[in-house]
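Asks: need coordinates for the below:
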Amino acid sequence: MPSYPRSELKEMMQRWLDINQRCEEELNWMPMAEMYTDDATYGWNVGPTDEFMAVGKDQIREYALGYEMEGLGGWVYPYQRVLIDEAQGEILGLWKQIADATRPDGSHYEIAGLGGSWFRYAGDFKWSWQRDFFDVGNATATYMEMIKAEALTPGMQKRLEKAASGKRQPGHYRVGQAPVGLWDGV
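Replies: This next block holds a predicted model:
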């Protein structure tokens with residue numbers, strides 16, 4: 001893994017944070033695909049039996065930033081910490097997942113636990129590799145709380161119905177069967 005100047009990695013992360021905020025405001029995350037190399041991989045675990053993997057910028061745009069973000073309009077993912085390793089060209093960003101929907105007490109629904117993204121920088125202000133992590137159990141509990149409180153948007157209801165259909169969504173694989181493993185390239 002090549003090293004990069006810390007200043008370049010800091011600028012890359014600031015560009016990422018800026019486009020992330022803009023996409024949250026516009027309720028469209030697909031423009032973020034331009035921040036990846038053509039052959040980048042992006043994946044995460046979805047529990048004990050499933051994982052998600054997008055291979056290439058087009059799948060990242062369509063699957064990770066398209067299908068996977070459907071119904072999450074209004075949610076925000078504020079980064080709490082960013083750790084930069086210039087020797088390896090890697091960045092770790094820790095974020096929260098906060099819904100725009102509120103409880104009767106006025107607090108926002110928020111997925112408890114840690115969420116984060118581990119990025120590998122490829123130069124030219126592009127990522128070549130990204131792996132996310134979040135607490136699937138806490139995400140499920142938050143969604144269940146929102147269902148019971150009838151706090152889901154129509155888009156979120158549709159998203160959960162698709163997930164519960166039993167039909168494997170684009171980019172989803174049984175653990176170990178994705179075209180690229182979560183730990184490949186480490």
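
Asks: please name the nearest non-neighbouring residue to residue 33.
Replies: Distance criterion CB to CB, 6 or more residues apart in numbering; nearest residue to residue 33, sequence neighbours excluded, is residue 61 at 3.5 Å. (C-beta placed from N, C-alpha, C; glycine too.)

Asks: how about the secondary structure of that neighbour?
Replies: helix (DSSP: H, G, I helix; E, B strand; the rest coil).

Asks: and it, how many neighbours?
Replies: 18 (other CB atoms under 10 Å).

Asks: what comes into contact with the lowest-mean-pLDDT helix or strand in the chain?
Replies: None of the helices or strands of the chain scores lower by mean pLDDT, DSSP states H and E than helix 154-164, at a mean of 89. For helix 154-164, contacts defined as CB atoms under 8 Å, 6 or more residues apart in numbering pick out 70-73, 143, 146-147, 152, 169.

Asks: farthest pair within these?
Replies: Pairwise distances across the contacts of helix 154-164 peak at 19.9 Å for 146 and 169 (criterion: CB to CB).

Asks: contacts for stretch 92-107 next, please.
Replies: 13, 16, 74-83, 85, 108-111, 114-119, 134, 139, 142, 146, 149, 151-153.

Asks: list the buried ones in it?
Replies: Within stretch 92-107, the residues that qualify as buried are 93, 95-99, 101, counting by 16 or more other CB atoms under 10 Å.

Asks: can you report phi and psi for the residue nearest the centre of the chain?
Replies: Among the residues of the chain, the one closest to the centroid is residue 132, at 5.8 Å (CA atoms, centre = their mean). With angles defined as degrees, to the nearest 10, residue 132 sits at phi -110, psi 160.

Asks: SS state for residue 58?
Replies: From three-state DSSP, the assignment for residue 58 is helix.

Asks: and it, what does it touch?
Replies: Contacts of residue 58 by CB under 8 Å, 6+ apart are residue 33.
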